[in-house]
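pasting the sequence and the predicted model now:
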Amino acid sequence: MDAYVLTPQVFKDQRGYFFESFNDQKWNEAGLKPYNWVQENESMSSKGVLRGMHFQKGDAAQAKLVRVIKGEVFDVALDLRKDSKSFGKWFGVVLSETNKKQFLVPKGFAHGFLVLSETAVFSYKCDNYYSPEQDSGVMYNDKSLNIKWPELNVDYLISNKDQNLDSFNECYRFN
C-alpha cells in the first residue's frame, strides 16, 4: 500500500523517555523515500472527534508523517492512486502516546482519524504547504469503502465540511 507504520526506539528511565521522532539519515538507510518536510501542524481534539478523510489535489498533494503526542486515535489512510494495486483500499492503525507509533501517509492518499481517548494531541509533518484551493476529501462513511471506524460510547463529532465531502466515486483521483 506504500503507507508505513513506524515504531521508534524509545529510551525510558526514571526521568521519563526520549526518542527520535524523525531522523533523515535513518530513513534513507531503511530505504524510505527522502522527504522535505516544510510544514508541521498540531491539533487537539476530544473523544469522538472524527477528522477526515482529507487530501490535497494536484501540485498541492501532501505526504504526511503523523503521530499522537497525547491520547489515542484510530488513524486511516485511503489510497486514491488509480494505478495502484491498493486503489480504493484503506488501512487503519491505532496511534497513541503509549505506543509512540508514527504513520507515513504518502501523496495520493486521503487521511483521517477518530479520537479514542478523552482528548488527543495530534501532530503531523507535511512535505507541501496547505492550499485551501486544492483542499478536498472523501466522505468518512462512504459505504463503498466500508472503513471500520471503532464504535465509541459517544456520538462522533464531525465538522460540517467533513459531513458534506464527496463520495469515493465522485472525488478527485490521483494519477
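Thanks, I have the structure now. Residues are numbered from 1 along each chain as shown.

can you pull out the helices in the protein?
Per DSSP state H, the chain has helices spanning 24-29, 160-163. These are given in chain order.

lowest-confidence stretch among the ones you listed?
Lowest mean pLDDT within the helices of the chain: helix 24-29, at a mean of 80.

return the distance of it from the chain's centre.
With C-alpha atoms, centre = their mean, to the nearest Å as the basis, helix 24-29 stands 21 Å off its chain's centre.

what do you get for stretch 131-150?
12 Å.

what distance separates the start and the end of that stretch?
This stretch, stretch 131-150, spans 30 Å end to end (C-alpha to C-alpha, to the nearest Å).

re earlier: can you put the helices of the chain in TSV and add distance to Glu42?
The way it works is simple: take the backbone N, C-alpha and C, and place the C-beta from them, glycine included. Below are the helices of the chain laid out as TSV (distance: least, C-beta to C-beta, whole Å):
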stretch	distance to Glu42
helix 24-29	21
helix 160-163	19
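
run through the residues that contact Gly88.
78-79, 144-145, 168 (C-beta atoms under 8 Å, 6 or more residues apart in numbering).

tell me how far it lies from Glu29.
33 Å (C-beta to C-beta, to the nearest Å).

just checking, Gln39 touches Lys125?
Yes - the pair formed by Gln39 and Lys125 meets the contact definition of C-beta atoms under 8 Å, at 7.3 Å.

in terms of neighbours, single out the busier of these two.
Lys125 (20 against 13; other C-beta atoms under 10 Å).
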